[in-house]
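Novice: Could you look at this predicted model? Sequence included:
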Amino acid sequence: MPKATRESFGEAILEIAEKNPDLVVLDADLSKSTMTQNFMKKYPARHVEVGIAEQNMIGIAAGLALSGKIPVLASFACFVTGRLETIRVSAAYNQTNMKIVGTHAGIGIGEDGTSQMGLEDISAMRALPHMTVLQPADDAETKQAVRWMIEHKGPVYIRLTRQKMPDVHGAEYRWSLGKIDVVWQPKTAPAKLQATIIASGGPVPCAVEAAKSLESKGFAVRVANASSLAPFDSAAIARFAADSQRLVTIEDHNVNGGLGSAVCEALAESGRACPVVRVGLREFGESATPEQLYEKYGLAAPSIAEACLKNLPSGL
Amino acid sequence: MPSATLSPIDLKNLTRDMRVDIIRMIEAAGNGHPGGSLSVIDLLTVLYWKFLKHDPARPDWDQRDRFILSKGHACPALYAVMAHRGYFPKSELMSLRKLGSPLQGHPDRLRLPGIEFSTGSLGQGLSVGVGMALAAKMDKKDWKTYVVLGDGEMQEGQCWEAFMSAPKFKLDNLVAIVDFNNGQIDGPVKEIMDLEPLADKLRAFNWDVQAIDGHDLAAIEKALTNAQRHEGRPHAIVAKTVKGKGVSFMENNIAWHGNAPKKEDADKAVQEILNA
């Protein structure tokens, strides 16, 4: 059943908290939105409400982590990663064991508009040494990633959606850090696929829908899900470049510094040649329904399908 | 552990020796921050010899008190204190700011055992101290957390978020000490962005506040003794200090905020400190 990844996160920490007494949760007046409120109700002594003060939340989390706690701090992706320098020092440089949860990723939040949309958070977090950066796509993946994150020693940033996400993984799916997984493989396998789509987070189901529609028109397109932005699965990109006519990156985030950049970096360093089409934000967003925005900014299935086929600027 | 048996004269002599270390290590490094190191050294001395529960042989002892130098640029003072307390050999002081040295330009907890939190970006230390004190409360531990802030640093908004939050959590196991030397890079704090009336502001934030002379060792000891009380409120000590204290040509001279003395000036400074 479709579920927002923020909801899956809220359920996962509630479950983990039962067995792990060191887990504490911090909020900056958004517990109803970040889905930590059930934790707050069940474990009030392990919940820290700091008010609308994200920098202080990050610092308090560092102090808790350095004293043996496993702090999970949650806010909107844009607000918490907007405190980049605080995260740089209190989380990354000090290598504190804090888990930063950024919900309301991208234009997928809809009507609230640009100021509430996390659109540069992945680029900011990916630039920090020691920071693990995750973006799960559905319920099963989110719960496994959250469980891993709590076990892992070191700072983690996890990016979650406001909007409901259909399952792109089956019950047998096992998430692992730093691995890109294929969520759609075309039934026919020509010498070279028309394209491999590499998507992350909100638009992953749209990419699968696009690949399905392309298959019905005779085009073979694979869809890969990049849930781990740092560390990044560079080897998978090199493999895709070898058997695809092009790589198409799809992200509800700015293309600069996000998934699109990560793919281009991995490709360039692999020494292989393959055209890349980067689909994502190149501007700020705006207010509208999530569906309207995905359509307008090229993240809905029809525009993804088009990106897989249209002539490349270079004429390749 | 605290060395409560130390006489006032011993303490005074220690601050004198460590002032010399501060000058010599910054001279050897060729850069660094003498002004704020000399203003804070008396506070650190009383804290590290009379109050802080710690064991230099076991920097990760879990019952230790926590100390954060939020004004990280004054680390020559902290390094001198740590060397004299036995965290590392005094000879290492001269490696300050050199390639591969644990004595980084600003304190680095992963390179120097005994540093609780890597600072240098002003404004972050008190929040971390709040987190540590909160952890002690959650676990019902009796260790305390001490944070030293600079006055200029308190222009950072995050400091005020932290000051606002500690009383909410009733952190009477937290002591914030402000090294109020009225100097910052661009000029006197009073002109750049006045903090006064600082003690009143902190009182209005529901802290237990004491205002003292930050070079009077007995006054520092008394204030820290008062700060041991557990009455549900965090403790602030606003310590009026002199930037560059102990070296006449550095005192209240902002040129010595972040400049290293050359040999001639360093020799002059050391002579003055030793003759005082």
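Specialist: Thanks, I have the structure now. This structure is a prediction, so every number in the text was calculated from the model and none was measured.
Novice: Around chain B, pick out the residues from chain A.
Specialist: A:24, A:45-46, A:48, A:50-51, A:53, A:55-56, A:58-69, A:71, A:85-86, A:88-90, A:93-95 (C-beta under 8 Å from any C-beta of the partner chain). In short, each C-beta sits where N, CA and C put it, glycine included.
Novice: any idea how far chain B is from A:Ala288?
Specialist: Separation of A:Ala288 from chain B (C-beta to the nearest C-beta, to the nearest Å) stands at 34 Å.
Novice: doesn't A:Gly110 make contact with that residue?
Specialist: Yes. Between A:Ala288 and A:Gly110 there is a contact under C-beta atoms under 8 Å: 6.7 Å.
Novice: Take the residues of chain A next to chain B and keep only those in strands.
Specialist: The strands, defined by DSSP state E, take in A:Val24, A:Val48, A:Pro71 from those.
Novice: Including pLDDT and neighbour count, could these go into JSON lines?
Specialist: Formatted as JSON lines, those follow (pLDDT from 0 to 100; neighbours: other C-beta atoms under 10 Å in any protein chain shown):
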{"residue": "A:Val24", "pLDDT": "98", "neighbour count": "25"}
{"residue": "A:Val48", "pLDDT": "98", "neighbour count": "25"}
{"residue": "A:Pro71", "pLDDT": "98", "neighbour count": "29"}
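Novice: With distance to B:Gly100 as extra columns, can I get the residues you listed in a markdown table?
Specialist: Formatted as a markdown table, those follow (distance: C-beta to C-beta, whole Å):
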| residue | distance to B:Gly100 |
| --- | --- |
| A:Val24 | 37 |
| A:Val48 | 38 |
| A:Pro71 | 32 |
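Novice: what about the helices in chain B?
Specialist: With DSSP state H as the criterion, chain B has helices at B:8-29, B:34-46, B:75-85, B:125-138, B:157-168, B:189-193, B:198-204, B:217-226, B:263-275.
Novice: As TSV, those helices with distance to chain A, mean pLDDT and mean neighbour count would be great.
Specialist: Formatted as TSV, the helices of chain B follow (distance: least, C-beta to the nearest C-beta, whole Å; pLDDT from 0 to 100; neighbours: other C-beta atoms under 10 Å in any protein chain shown):
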stretch	distance to chain A	mean pLDDT	mean neighbour count
helix B:8-29	21	96	19
helix B:34-46	19	98	28
helix B:75-85	15	98	26
helix B:125-138	2	98	29
helix B:157-168	4	98	22
helix B:189-193	18	97	14
helix B:198-204	16	98	16
helix B:217-226	21	98	18
helix B:263-275	31	97	15
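Novice: Turn those into TSV, columns for distance to A:Val168.
Specialist: Shown next, in TSV, are the helices of chain B (distance: least, C-beta to C-beta, whole Å):
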stretch	distance to A:Val168
helix B:8-29	56
helix B:34-46	55
helix B:75-85	50
helix B:125-138	37
helix B:157-168	40
helix B:189-193	52
helix B:198-204	53
helix B:217-226	59
helix B:263-275	66
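Novice: Now do the contacts for the closest residue to B:Gly72 other than its chain neighbours.
Specialist: Leaving aside its sequence neighbours, B:Gly72 sits nearest to B:Thr119 (C-beta to C-beta, 6 or more residues apart in numbering or on different chains; 3.3 Å). By C-beta atoms under 8 Å, 6 or more residues apart in numbering or on different chains, the contact list for B:Thr119 reads A:Val89, B:Ile68, B:Leu69, B:Ser70, B:Lys71, B:Gly72, B:His106, B:Pro107, B:Gly125.
Novice: Would you mind writing the PyMOL command to select the buried ones in those residues?
Specialist: Per 16 or more other C-beta atoms under 10 Å in any protein chain shown, the buried members of the contacts of B:Thr119 correspond to this PyMOL selection:
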select buried, (chain A and resi 89) or (chain B and resi 68+69+70+71+72+106+107+125)
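Novice: rewinding a little: give me the distance between the residue nearest to B:Gly72 and A:Asn311.
Specialist: Note on B:Thr119: its distance to A:Asn311, by C-beta to C-beta, to the nearest Å, is 54 Å.
Novice: With B:Trp207 instead?
Specialist: Distance, B:Trp207 to A:Asn311, using C-beta to C-beta: 67 Å.
Novice: what residue ranges in the stretch 1-150 of chain A are flagged as low confidence?
Specialist: Counting by pLDDT under 70, the stretch 1-150 of chain A shows no low-confidence range.
Novice: And the helices in it, which stretches?
Specialist: Using DSSP state H, counting those that start in this stretch, the helices found in the stretch 1-150 of chain A span residues A:5-19, A:31-34, A:37-42, A:54-66, A:77-81, A:84-87, A:121-126, A:139-151.
Novice: Check the offset of the fifth one from the chain's centre.
Specialist: So the one you mean is helix A:77-81. Centre-to-centre, helix A:77-81 and its host chain are 13 Å apart (C-alpha atoms, centre = their mean, to the nearest Å).
Novice: and that helix, what does it pack onto?
Specialist: On a contact count with 3 or more C-beta pairs under 8 Å, 6 or more residues apart in numbering or on different chains; DSSP states H and E, helix A:77-81 meets helix A:54-66, strand A:99-103, helix A:121-126.
Novice: residues in contact with that helix?
Specialist: Outside helix A:77-81, the residues touching it (C-beta under 8 Å, 6+ apart) are A:28, A:30, A:54, A:57-58, A:73-74, A:87, A:100-105, A:115-121, A:124-125, A:157, A:159-160.
Novice: give me the residue from the stretch 201-316 of chain A nearest chain B.
Specialist: Residue of the stretch 201-316 of chain A nearest chain B, by C-beta to the nearest C-beta: A:Ala230 (19.7 Å).
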